[in-house]
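# Just to be clear, the model below is a prediction. Sequence and coordinates:
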There are 2 protein chains.
Amino acid sequence: GETNHPLHAGSWGKMVVWDEEQFQGRRQEFTADCYDIEACGFPAIRSFKVESGAWAGYEHAAFQGQQFVLERGEYPHWEAWSGSNAYHVERMGSFRPIACASHRDSKMTIYESENFLGWKGELSDDYPSLPAMGWSSSTVGSFRVHSGAWVCCQFPGYRGSQYIVECDRHTGEYKRCLEWGSHAQTSQVQSIRRVQQ
Amino acid sequence: GETNHPLHAGSWGKMVVWDEEQFQGRRQEFTADCYDIEACGFPAIRSFKVESGAWAGYEHAAFQGQQFVLERGEYPHWEAWSGSNAYHVERMGSFRPIACASHRDSKMTIYESENFLGWKGELSDDYPSLPAMGWSSSTVGSFRVHSGAWVCCQFPGYRGSQYIVECDRHTGEYKRCLEWGSHAQTSQVQSIRRVQQ
């Protein structure tokens, strides 16, 4: 029979980047963490393709700053892609593969308040609008990820700032806003979905 | 037993808008189409809440220009929300309720080429990455919506330009790019999901 092995970050996935738009210019492939793209000789990434796996991209080196989930597909113009983030991001400074569980095994608990206090909600699906699912607040105080990787978004419909929370990081426990996004000014979270492998 | 009645656009949902940020200033409720928000005495909407239903917002009056799906939740700052769209949109000029089917009844066929030609794919779920689901192109040529309302996005992860396609409009048939987004410069579509009621 088939066994589902958890994937390990850094051991899977393929991402190809170029220093010019439309997949032109200097090209480099990655199959593991890139801690600092400038140190790889790229002043900036202007286009990229995710060929397999799901990746987390970051505004700055060392996995800092605004986060964005990058799923399989083509991103021919940095400017057009970046325009769809919470604020204009000049460049992607670092990126790494995300370890995902299978969709049907992904589980997470969200809490009204910091430190796993207040009302809670159990999630095992995609939620383009938490308020529509009965969550009576536009914020989330803390997250406990039981399995899988999730992307939490500021606005309904998976728009605005994104925060990636993972079973395999922080032991899956995100007690307060600063733990899921160091740049986050707000705990506003109105849509949540599983990251697609 | 329970019967699922299709909802009719214009007959359901509630949206409240304000002319200042953070739900301040002049307030107005809508339960049906708003063809021109300026004609309602609002030079601009600076914050809004979707209290029920799903709505389609448009950059210009008369349901023209960039489109965005608005699901239940709070949108306290126009600038922050607009920053997550494909390009900066100064204001929302018009909006209308979207008629959705229940999630499990939503069905659509996508085609490689215009006029329902080429390879096709049958959709009945949410697809954060069409390439990951085996669609071997970063574009879609035409759509035939059998039931429900769907949002098609330029990039994986439901990012970039959005196009709303509905069973109840165009008789569900969108033969070419110009029919789903008059402002669209591209038929790049890499993620698709059902609109949440």
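That came through fine.

# contacting residues around the lowest-mean-pLDDT helix or strand in chain A?
Taking mean pLDDT, DSSP states H and E as the measure, the helix or strand of chain A with the lowest value is helix A:78-82, at a mean of 82. Contact with helix A:78-82 is made by A:21, A:44-47, A:75, A:88-92, B:86, B:154-155, B:159-160, as judged by C-beta atoms under 8 Å, 6 or more residues apart in numbering or on different chains. C-beta here means a position set from N, CA and C on the backbone, and glycine is covered the same way.

# Buried ones from those, can you make that a ChimeraX selection?
To isolate the buried members of the contacts of helix A:78-82 in ChimeraX, using 16 or more other C-beta atoms under 10 Å in any protein chain shown:
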select /A:45,46,47,75,89,92 /B:86,154,155,159,160
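
# A:S129: which of the contacts of helix A:78-82 is nearest?
A:S129 has its nearest neighbour among the contacts of helix A:78-82 in B:R159, at 17.1 Å by C-beta to C-beta.

# isn't the closest one right next to B:S129, touching?
No. Taking C-beta atoms under 8 Å as the definition, B:R159 is not a contact partner of B:S129, at 11.1 Å.

# what residues are shared contacts of the two?
Contacts common to B:R159 and B:S129, judged by C-beta under 8 Å, 6+ apart, are B:S191.

# would you list every one of the strands in chain A?
A:14-20, A:24-30, A:47-52, A:54-60, A:64-70, A:73-75, A:94-98, A:107-113, A:117-123, A:142-147, A:149-155, A:159-166, A:173-174, A:191-194 (DSSP state E).

# a markdown table for those, including mean pLDDT?
Below are these laid out as a markdown table (pLDDT from 0 to 100):
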| stretch | mean pLDDT |
| --- | --- |
| strand A:14-20 | 96 |
| strand A:24-30 | 97 |
| strand A:47-52 | 96 |
| strand A:54-60 | 94 |
| strand A:64-70 | 91 |
| strand A:73-75 | 95 |
| strand A:94-98 | 95 |
| strand A:107-113 | 96 |
| strand A:117-123 | 96 |
| strand A:142-147 | 96 |
| strand A:149-155 | 94 |
| strand A:159-166 | 91 |
| strand A:173-174 | 96 |
| strand A:191-194 | 96 |
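
# closest one to B:K14 among these?
Proximity to B:K14 (C-beta to C-beta) singles out strand A:149-155 among the strands of chain A, at 18.1 Å.

# neighbouring contacts of that closest one?
Contacts of strand A:149-155 (C-beta under 8 Å, 6+ apart): A:54, A:69, A:86, A:98-101, A:106, A:108, A:123, A:140, A:143, A:158-168, A:180, A:186, A:188-195, B:73, B:75, B:80-81, B:84, B:157.

# Which among those residues count as buried?
So, by 16+ other C-beta under 10 Å, the buried ones in these are A:54, A:69, A:86, A:98-101, A:106, A:108, A:123, A:140, A:143, A:158-168, A:180, A:188-195, B:73, B:75, B:80-81, B:84, B:157.

# ok, now which ones touch A:E74?
A:E74 neighbours (C-beta under 8 Å, 6+ apart): A:F23, A:K49, B:P131, B:S138, B:Q188, B:Q190.

# Going by distance to A:R176, which of these wins?
B:Q190 (33.8 Å).

# What residue, apart from its backbone neighbours, is nearest the closest one spatially?
With C-beta to C-beta, 6 or more residues apart in numbering or on different chains as the criterion, B:Q190 has its nearest non-adjacent residue at 4.3 Å, and that residue is A:G73.

# Roughly how far does the one you found sit from A:S113?
37 Å (C-beta to C-beta, to the nearest Å).

# ok so, going back, of all the strands of chain A, which one is nearest B:Y174?
Closest approach to B:Y174 among the strands of chain A is made by strand A:73-75 (20.9 Å; C-beta to C-beta).

# Chain B contacts on chain A?
A:50, A:68-75, A:80-81, A:83-88, A:126, A:128-132, A:138, A:151, A:154-160, A:188, A:190-191, A:193, A:195-197 (C-beta under 8 Å from any C-beta of the partner chain).

# now do the same end-to-end measure for stretch A:92-106.
28 Å (C-alpha to C-alpha, to the nearest Å).

# Stretch A:141-157 spans what distance, first to last residue?
Using C-alpha to C-alpha, first and last residues of stretch A:141-157 are 20 Å apart.

# Show me what counts as buried in it.
Here stretch A:141-157 shows A:141-145, A:147-157 as buried, counting by 16+ other C-beta under 10 Å.

# In CSV, please show the C-alpha coordinates belonging to stretch A:160-175.
What follows is stretch A:160-175, C-alpha atoms only, in CSV (Å, rounded to 0.1, in the frame of the first residue of the first chain):
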residue,chain,number,x,y,z
GLY,A,160,-3.6,41.1,1.4
SER,A,161,-0.7,40.1,3.7
GLN,A,162,0.1,36.4,3.9
TYR,A,163,1.5,34.5,6.8
ILE,A,164,2.7,30.9,6.4
VAL,A,165,2.3,28.6,9.4
GLU,A,166,3.6,25.1,9.4
CYS,A,167,3.5,22.0,11.6
ASP,A,168,7.3,21.5,11.0
ARG,A,169,8.3,25.0,12.3
HIS,A,170,7.9,26.5,15.8
THR,A,171,6.7,23.0,16.7
GLY,A,172,3.5,24.2,15.0
GLU,A,173,2.8,26.7,17.8
TYR,A,174,2.3,30.4,17.0
LYS,A,175,1.4,32.1,20.2
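
# how far is it from where the chain is centred?
With C-alpha atoms, centre = their mean, to the nearest Å as the basis, stretch A:160-175 stands 9 Å off its chain's centre.

# residues contacting the closest residue to A:Q22 other than its chain neighbours?
Nearest non-adjacent residue to A:Q22, counting by C-beta to C-beta, 6+ apart: A:P76, 5.2 Å away. Counting by C-beta under 8 Å, 6+ apart, A:P76 makes contact with A:E21, A:Q22, A:F23, A:S47.

# how about these in TSV, adding distance to B:T31?
Formatted as TSV, these follow (distance: C-beta to C-beta, whole Å):
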residue	distance to B:T31
A:E21	45
A:Q22	46
A:F23	47
A:S47	44
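
# of all the residues you listed, which comes closest to chain B?
The shortest gap between chain B and any of these belongs to A:F23, at 11.2 Å (C-beta to the nearest C-beta).
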